[in-house]
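Colleague: structural data only, the sequence is not supplied:
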């Protein structure tokens, strides 16, 4: 036995894990090696000292479960039923899972009127009543239809343009006539005003002449009288 | 066997069975955590978390007869998480220095002071060990678990556990020697 081998046995020796034969061999070996004896004694003293470490205990229960409720009883009963009817093997569980999914799928399909269609590699899924199918147009028919629509659109646009142009011309003529009428009215009004002004001027001039003549007569009379 | 039956009862829906499990194990888990952190509050918190986790995960326990080992594993993981989370090593050793666990055994004040100081140093010496050695020392010296049980809890080989215990005890001895503490220090008991 070497010192390292002896040290490897220390733990088993201290905790009573060696058989009698190995224990005696170790003890005999240690007796001849003072350093090992000291080391072992030191470790055993350490163990003894560790036992003096006090500890505090909890004063009350730190975690308390509530008593079973009615809900828990029902849950337990339900879980028991489910556990009873559930298969034990993984394959069985997988089978039940697939069957459950299929059943759920069928129920959902019947409730939602689900329609599944596979046509030419295309998969379609729809819900509700299926709309009646409509016959489609061929490419030539579509082209003809587009051409017809284009022609109709062109005709409609031309008619619309002509109508708009005609309406604009009528509106322009009407505006011109109104403007000419307005000018005539304005000219008449101006002429009347000029005529009235001339008459007034004439009248004023006449009265001015009369006043002048009268004044002159008075002056002549005054001068004649003085003489 | 009683634990296994209680575990089965609880899985079967009897909540009172879990209360009994808590009652049976909370002191041991509390002591384990207390020696880990040298702090009553931390020990209580770890104990509560351990049982809450056990409650949540008990369905994953394959062998009900190994409930104890399984519970220690949960507690140990929570202690390690707590160490990583809060970096407890420094704070707990300082805390342990400030207040030693109370004891009514010391007959007079002087002996009480000496005893408290010695307790503080014991705690401090344990806290100075590397974590993996400290766990093994606590599980073996205080919880009285077998090497096989410790190996199972820590998911290591028995030889690794013995090796850690050897180095742990040797480390403690060296620490005590450097502090001039020997078994006579506690001879007043």
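Modeller: Structure's in. What do you need? Values in this document were obtained by computation on a predicted structure and should not be read as measured data.

Colleague: so which bits of the top helix by length along chain B are buried?
Modeller: If you go by DSSP state H, chain B has its longest helix at helix B:15-37. Within helix B:15-37, the residues that qualify as buried are B:15, B:17-22, B:25-26, B:28-37, counting by 16 or more other Cβ atoms under 10 Å in any protein chain shown. C-beta coordinates here come from the backbone N, C-alpha and C atoms, glycine included.

Colleague: does that helix reach chain A?
Modeller: Yes: using Cβ under 8 Å from any Cβ of the partner chain, helix B:15-37 reaches chain A at B:15, B:16, B:18, B:19, B:22, B:23, B:26, B:27, B:30, B:31, B:34, B:35.

Colleague: can you name the next helix or strand after that helix?
Modeller: On the C-terminal side of helix B:15-37, the nearest following helix or strand under DSSP states H and E is helix B:40-57.

Colleague: show residues contacting the helix or strand just after that following helix.
Modeller: Sequence-wise, the next helix or strand downstream of helix B:40-57 (DSSP H and E) is helix B:67-86. The contact list for helix B:67-86 (Cβ atoms under 8 Å, 6 or more residues apart in numbering or on different chains) reads B:3-4, B:6-7, B:21, B:25, B:29, B:32-33, B:36-37, B:42, B:46-47, B:49-50, B:53-54, B:57, B:61, B:88-89, B:131, B:135, B:139, B:143, B:145, B:149, B:152-154.

Colleague: cutoff 7 Å now
Modeller: Defining contact as Cβ atoms under 7 Å, 6 or more residues apart in numbering or on different chains, one finds that helix B:67-86 is touched by B:3-4, B:7, B:25, B:29, B:32-33, B:36, B:42, B:46, B:49-50, B:53-54, B:61, B:88-89, B:131, B:135, B:149, B:152-153.

Colleague: are any of those residues buried, and if so which?
Modeller: Applying 16+ other Cβ under 10 Å to the contacts of helix B:67-86 flags B:3, B:7, B:25, B:29, B:32-33, B:36, B:42, B:46, B:49-50, B:54, B:61, B:88, B:135, B:149, B:152-153 as buried.

Colleague: so which strand or helix has residue 176?
Modeller: With no chain named, the answer covers chain A. With DSSP H and E as the test, residue A:176 turns up in helix A:139-226.

Colleague: that's the wrong chain, I meant chain B
Modeller: helix B:158-178.

Colleague: hmm, residue B:161 is touching residue B:147, no?
Modeller: Yes: with contact defined as Cβ atoms under 7 Å, residue B:161 counts as touching residue B:147 (5.4 Å).

Colleague: where are the low-confidence patches of the chain?
Modeller: By default, I'm working from chain A. A:65-77, A:88, A:130-135, A:227 (pLDDT under 70).

Colleague: you looked at the wrong chain, it should be chain B
Modeller: For chain B, the stretches with pLDDT under 70 are B:1, B:87-112, B:114-115, B:187-189.

Colleague: spell out which residues of it are next to chain A.
Modeller: B:13-16, B:18-19, B:22-23, B:26-27, B:30-31, B:34-35, B:40, B:44, B:47-48, B:51-52, B:101, B:103, B:119, B:122-123, B:141, B:162, B:165-166, B:169-170, B:172-173, B:176, B:182-183, B:186, B:189 (Cβ under 7 Å from any Cβ of the partner chain).

Colleague: what's the helix holding residue B:176 in contact with?
Modeller: Here helix B:158-178 has contacts from A:10-11, A:42-43, A:46-47, A:49, B:125, B:128-129, B:132-134, B:136-137, B:140, B:147-148, B:150-151, B:154, B:182, using Cβ under 7 Å, 6+ apart.

Colleague: do that again at 6 Å, thanks
Modeller: A:11, A:42-43, A:46, B:125, B:129, B:132-133, B:136-137, B:140, B:147, B:150-151 (Cβ atoms under 6 Å, 6 or more residues apart in numbering or on different chains).

Colleague: re the thing from before, neighbour count winner among residue B:161 and residue B:147?
Modeller: residue B:161 (26 against 21; other Cβ atoms under 10 Å in any protein chain shown).
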